[in-house]
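*Asks:* compute the structure for the input listed below.
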Amino acid sequence: MWQGTVVALPDIPSFTNCPDIIHNSGFQNQSQASNGLGGVYPGPLTNQITVDQVNRTYYSYIPSQYNPNTAFPVLMVLHGAAAPGQTAQAALAMRNFWQATAETYQMILIAPVASGSQGWVPGTDASIWVTILNQTESDYNIETTRYYGWGFSAGGHVGHWFYLLNSEYFAAYAVNAGVLEAYAGLSYPLSATRQLPIMEMVGTTDALYSYTLNDQAAFLNAGWQSGVNYQLQTFTGGHELTVDVPEKVAEFLCDKSKFD
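*Replies:* Presented below is the predicted three-dimensional model:
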């Protein structure tokens, strides 16, 4: 996958303001730092990569306390469906939606742009995501035990598929109004090589609410445990992102590594 040479460090850094930093200072000594160098920091960035001879844009945010001598966690956020030709704007909006929380929790933020005119093309986009993650490891010092994922709506649909497919690389993930049945399928949790921590969030009046309940049953039937490595949070509302989503998701992710 996107693994590179890893170097053990004495700690696994957690988000700066995580209330329960259980992986720091001797509790767990399994850091895998990428030791990448040369990336621009800090602040919001617009980046270009070439995948299969096509130039692709993605957005990122490097927090103010980034230091190449310390390995930092990474969160990849996947936007929902967009109007024709508006995928770049959708990705930028997701980067901006998450930026303040990325700064608060001192994590590197990555917001890819869907390759389709209105949304994700999973086979093509998965190759782009892997290239972005490889590039990020090369440019920055990344704590590779702390890759996190999130997606909204269509980004959550494909996020389920990609994060479960790569469960040995991602520490944990969350989705808002994204469901297994839209792409991955209800049996997909059974194929995951690791039961990584997952949080799903959905509005009670969202048309996807009942499908999210199906997800819950699928994960629990596949061996996940409610309140341990699976959480379902509901709110009164529809197919939308509420302003407290980044904080709630960050609180869920912040103390987890891929050894959980």
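
*Asks:* and residue 129, that's in a strand?
*Replies:* No. Remark: residue 129 does not belong to a strand; assigned using DSSP: H, G, I helix; E, B strand; the rest coil, it is helix.

*Asks:* how about the strands in this protein?
*Replies:* 43-51, 54-62, 72-78, 108-112, 142-152, 170-176, 198-203, 230-235 (DSSP state E).

*Asks:* a markdown table for these, including distance to residue 217?
*Replies:* (Each C-beta comes from the backbone N, C-alpha and C, glycine too.) Below are these laid out as a markdown table (distance: least, CB to CB, whole Å):
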| stretch | distance to residue 217 |
| --- | --- |
| strand 43-51 | 37 |
| strand 54-62 | 35 |
| strand 72-78 | 24 |
| strand 108-112 | 30 |
| strand 142-152 | 21 |
| strand 170-176 | 16 |
| strand 198-203 | 12 |
| strand 230-235 | 10 |
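
*Asks:* which one of those lies nearest to residue 215?
*Replies:* strand 198-203 (6.0 Å; CB to CB).

*Asks:* residue closest to the middle of this protein?
*Replies:* By CA atoms, centre = their mean, the mean C-alpha position of the chain lies nearest to residue 149, the distance being 1.3 Å.

*Asks:* so that one sits against residue 160, correct?
*Replies:* No. Here residue 149 lies out of contact with residue 160, judged by CB atoms under 8 Å, at a distance of 9.5 Å.

*Asks:* quick one, helices of the stretch 1-150 of the chain?
*Replies:* Ranges of helices within the stretch 1-150 of the chain are 87-105, 122-139, based on DSSP state H, counting those that start in this stretch.

*Asks:* pLDDT on the last one, on average?
*Replies:* Going back to what we said before, that points to helix 122-139. Averaging pLDDT along helix 122-139 yields 97.

*Asks:* repeat that for stretch 176-184.
*Replies:* For stretch 176-184, the per-residue pLDDT averages 98.

*Asks:* what comes into contact with it?
*Replies:* 80, 122, 150-161, 164, 186, 188-189, 200-203, 206, 208, 211-212, 214-215, 218, 239-241, 245 (CB atoms under 8 Å, 6 or more residues apart in numbering).

*Asks:* tell me which of the helices of the stretch 1-150 of the chain lies nearest to residue 251.
*Replies:* helix 87-105 (9.0 Å).

*Asks:* okay, the angle between the closest one and strand 108-112?
*Replies:* Relative orientation of helix 87-105 versus strand 108-112 (axes from the mean of the first three to the mean of the last three CA atoms, to 10 degrees): 170 degrees.

*Asks:* contacting residues around the residue lying closest to residue 112 once chain neighbours are set aside?
*Replies:* Excluding the flanking residues, the one nearest residue 112 by CB to CB, 6 or more residues apart in numbering is residue 58, at 4.6 Å. By CB under 8 Å, 6+ apart, residue 58 lies in contact with 47, 49, 91, 110, 111, 112, 113, 128, 132.

*Asks:* the first one and residue 118, how far apart?
*Replies:* As for residue 47, its distance to residue 118 is 22 Å (criterion: CB to CB, to the nearest Å).

*Asks:* more neighbours, those two?
*Replies:* Neighbour tally, residue 47 and residue 118, criterion other CB atoms under 10 Å: the higher count belongs to residue 47, 18 against 14.

*Asks:* if we can go back for a sec, format the contacts of residue 58 as CSV; extra columns: distance to residue 182.
*Replies:* Formatted as CSV, those follow (distance: CB to CB, whole Å):
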residue, distance to residue 182
47, 28
49, 27
91, 19
110, 22
111, 21
112, 18
113, 20
128, 20
132, 23
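
*Asks:* just the buried ones from those?
*Replies:* With burial judged by 16 or more other CB atoms under 10 Å, the buried subset of the contacts of residue 58 is 47, 91, 110, 111, 112, 113, 128, 132.

*Asks:* list just the nearest of these to residue 97.
*Replies:* residue 111 (9.0 Å).

*Asks:* and the gap between the nearest residue to the closest one once chain neighbours are set aside and residue 232?
*Replies:* Spatial nearest neighbour of residue 111, excluding adjacent residues (CB to CB, 6+ apart): residue 95 at 3.8 Å. For residue 95, the distance to residue 232 (CB to CB) stands at 26 Å.
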